[in-house]
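Participant: mind looking at a prediction? Sequence and model below.
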Amino acid sequence: MKRYLALLLSALVISCGGGGDGGGPAAGPSAAGPSGGGSTPPPGGGTPPPGGGTPPPGGGTPPPEETSDPRTPAVAGARIEESNVAVTFDSGWTSANPIYGWSGGAAVQSNVTGATLSFTFTGTSVRWIGMRGRNVGKVAVRVDGGQAKQLDLWSAPLDIIHATITTINDLSDGPHTLTIEVVEGLVVVDAFDVQPSTTQSHWQETDPNAKFTAGWTKASADFPLLPWSGNGVRNPPELAVTAQETYTANETLTLPFRGTAISWIGYRGPDGGIAQVQIDGGAPVEVDTYYPTVKYQAMVFKATGLADADHTLKITATGTRNGASSATRVVVDAFAVMTPGRRYEETDPSITRSSLPPDAPPDDIPHWNSNPGRVWSEGRSATSNRTGATLTFRFTGTSVSWIGCQKSSAGGMAKVYIDGVFMKEIRMTQRYPIEGYQMTVFRQDGLAEGPHTLMIEVTSCDKCSYVVVDAFDVR
C-alpha cells in the first residue's frame, strides 16, 4: 500500500518503561512536557500536512524544511523527503511525532515487525536520515534485494533526529532500490541523501569551539526529560547535555567551523523569539523562531554553498519577538556541519584494531570497546584506555581527518602516525561542561594521491581517560 493510504492511519504513541542515566530505556519524548516556556507537546504522532508547510497565523516563519517538493528527482546530490514519490511503504507506517523539527516538516515511523519501506534512486551511494535513541529498535537494510545489513538504532541519549543512520557506498552507477525492514521496536525514516558529496557531523552546543556570552543559560535537564539533542545521559555529578537559551538582547554565540554548509539546530514554539545570524561577518539574516506548536531539534537556519575553508557562524539574540509570540526565547541545541569527502565509520573493513592475546587473563583491560552511549557518528564509536592499543586506517586520498571526542571522560592521549611517520601527540581532555562530539581532532591535508595509512596509538595510562575513534573523513 502506498504512502497516501498509510498516512491516513492514526499515529502511534510509543513509550518504554524504566529509566536511568546513560543505561536502560527511559520514558519517550512523546510523554515529555515542556519546561522553561513553550506548550505541552501533543501526544503521539500526527498526519503531516499535504504540500509542505503553511505560514503560522499571526506572523513568524514556518520551519525552513517544510518546503520539499514530492516530485524532486531522486538523483545525485538531492535530499529526498519521506513524502517523495520515490518512497513507498506498506500499511505498517504512520506519521512520526510532530514535536520534532523533522527534515521536510514530517517523518514516518513504524513499530510493526516486518513493515517495509522502499526508496528508489539513481546514484552510487545513499544516506538514510532518521532517529536514534532509547526508544528505537532494529532494522534490516537491503539494496536491490541483496544481503541484509542489520542495524541497531539504540543509543543512550534520548531521541536524536537529523541523524545519519547509515551510508551505503560503492554501488554501481545507475538505478537502485533501498529497502528498510523493521525487525523490532520503533524505526523512523525522515529523509535520504542521494550520492552525497559531503560528510555530516553533529556537534552539540557543548562543543569546545562554541563560545556563548554570559547571558545564555542551560536549558532544563530535569525529569521529565525534554527531547534536546544529546539529553538523558551523563557522568554524575555532571548534568546531561541539553541546550543553551536566552531571552536577552545582544547575547551571542560564535562557532568557528570548516565546511561547505552548516545548520543551526534549535527550537521553534509559541515563545520563540527573533535572532540574527551571520556567516563570516556578512549581512545578518533574521530568523524568527516563533511557531504555533513546539518543535524540538528544528533546523532553524542553514547556510550552504560555502567554500571549503574556515568560517564563523554567529547567532545574536535580538530580545524581540513577533506579535504572536509570548516571549523572546532563542535556543541553541546543536549544529550540523557538512564537509566535502567520504566518511568511514570505525567498523569499516579498512580499519584494524589491536587486541588482547588469546591467553590474556579475564580481568585484563581490552584494547578497544564499542560505545553507544553518546551522540556518535552512526550511533557507535571505538574507545580505548589501554596503553599501547593501536587502530590503523587504510585509505586512498589526499586529505584525512580523525573524527573523535574531547571531554573529561574522553580526555586520553594518543600519537598519530601517517605512513609510519610520527605526526603529533594529542591530548583530548576538556573540563565539564565542554563536551565535543563528532569533532575533528586531527586533520592532515596535502598528501600525495594514492594509498596511505593512519595509525592511532593510545599513550594515556591504563584505566585513565578514554581515547575515542568515531570515524575518519577522506578527500
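Facilitator: That came through, no problem. Values in this document were obtained by computation on a predicted structure and should not be read as measured data.

Participant: which stretches in this structure count as helices?
Facilitator: Listed in chain order, the helices found in the chain under DSSP state H are 3-6.

Participant: so, low pLDDT: which residues of it?
Facilitator: Across the chain, residues meeting the criterion (pLDDT under 70) sit at 1-68, 221-223.

Participant: center of it - which residue?
Facilitator: For the chain, the residue whose C-alpha lies nearest the mean C-alpha position (Cα atoms, centre = their mean) is A163; its distance is 3.6 Å.

Participant: just checking, that one touches M131?
Facilitator: Yes: taking contact to mean Cβ atoms under 8 Å, the distance of 6.1 Å between A163 and M131 places them in contact. For glycine as for every other residue, the C-beta is placed from the backbone atoms N, C-alpha and C.

Participant: how near is the nearest residue to V112 once chain neighbours are set aside to F192?
Facilitator: In space, and not counting its chain neighbours, V112 is closest to G92: 3.4 Å by Cβ to Cβ, 6 or more residues apart in numbering. Counting by Cβ to Cβ, to the nearest Å, the separation of G92 from F192 is 19 Å.

Participant: then A96?
Facilitator: Counting by Cβ to Cβ, the gap from A96 to F192 is 15 Å.

Participant: do L171 as well
Facilitator: 13 Å.

Participant: more neighbours: the two, which one.
Facilitator: In this view L171 and F192 are compared by other Cβ atoms under 10 Å, and F192 has more residues nearby, 25 against 18.

Participant: if we can go back for a sec, how about the contacts made by the residue nearest to V112?
Facilitator: With contacts defined as Cβ atoms under 8 Å, 6 or more residues apart in numbering, the neighbours of G92 are A6, S110, V112, G114, A115, T116, V182.

Participant: now with 6 Å, please.
Facilitator: G92 sits next to S110, V112, A115 when contact means Cβ atoms under 6 Å, 6 or more residues apart in numbering.

Participant: distance to A249 and neighbour count for the residues you listed - can I get that in CSV?
Facilitator: Shown next, in CSV, are the contacts of G92 (distance: Cβ to Cβ, whole Å; neighbours: other Cβ atoms under 10 Å):
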residue, distance to A249, neighbour count
S110, 45, 28
V112, 49, 16
A115, 49, 19
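
Participant: rewinding a little: I'd say the residue nearest to the centre of the chain and R132 touch.
Facilitator: Yes: using Cβ atoms under 6 Å, A163 and R132 qualify as a contacting pair, with a distance of 4.9 Å.

Participant: and the residue lying closest to S460 once chain neighbours are set aside, what does it touch?
Facilitator: Take S460 and drop its neighbours on the chain: the residue closest to it by Cβ to Cβ, 6+ apart is G412, 3.8 Å away. By Cβ under 6 Å, 6+ apart, the contact set of G412 is M428, S460, S465, Y466, V467.

Participant: okay, and which of the residues you listed map to strands?
Facilitator: The strands, defined by DSSP state E, take in V467 from the contacts of G412.

Participant: what sits against M413?
Facilitator: R427, T459, S460.

Participant: from the opening residue of stretch 187-203 to its closing one, how far?
Facilitator: 23 Å (Cα to Cα, to the nearest Å).

Participant: tell me how far Y437 lies from R258.
Facilitator: With distances defined as Cβ to Cβ, the gap from Y437 to R258 amounts to 16 Å.

Participant: burial check on the nearest residue to L253 once chain neighbours are set aside, number of neighbours?
Facilitator: For L253, ignoring the flanking residues on the chain, the nearest one in space by Cβ to Cβ, 6+ apart is I315 at 4.4 Å. Residues near I315, counting by other Cβ under 10 Å, number 24.

Participant: correct me if wrong: I315 contacts Q276.
Facilitator: No: with contacts counted by Cβ under 6 Å, I315 stays clear of Q276, the gap being 7.6 Å.

Participant: please work out how many residues are found near S408.
Facilitator: The local packing of S408 (other Cβ under 10 Å) involves 16 other residues.

Participant: sweet, I'm off.
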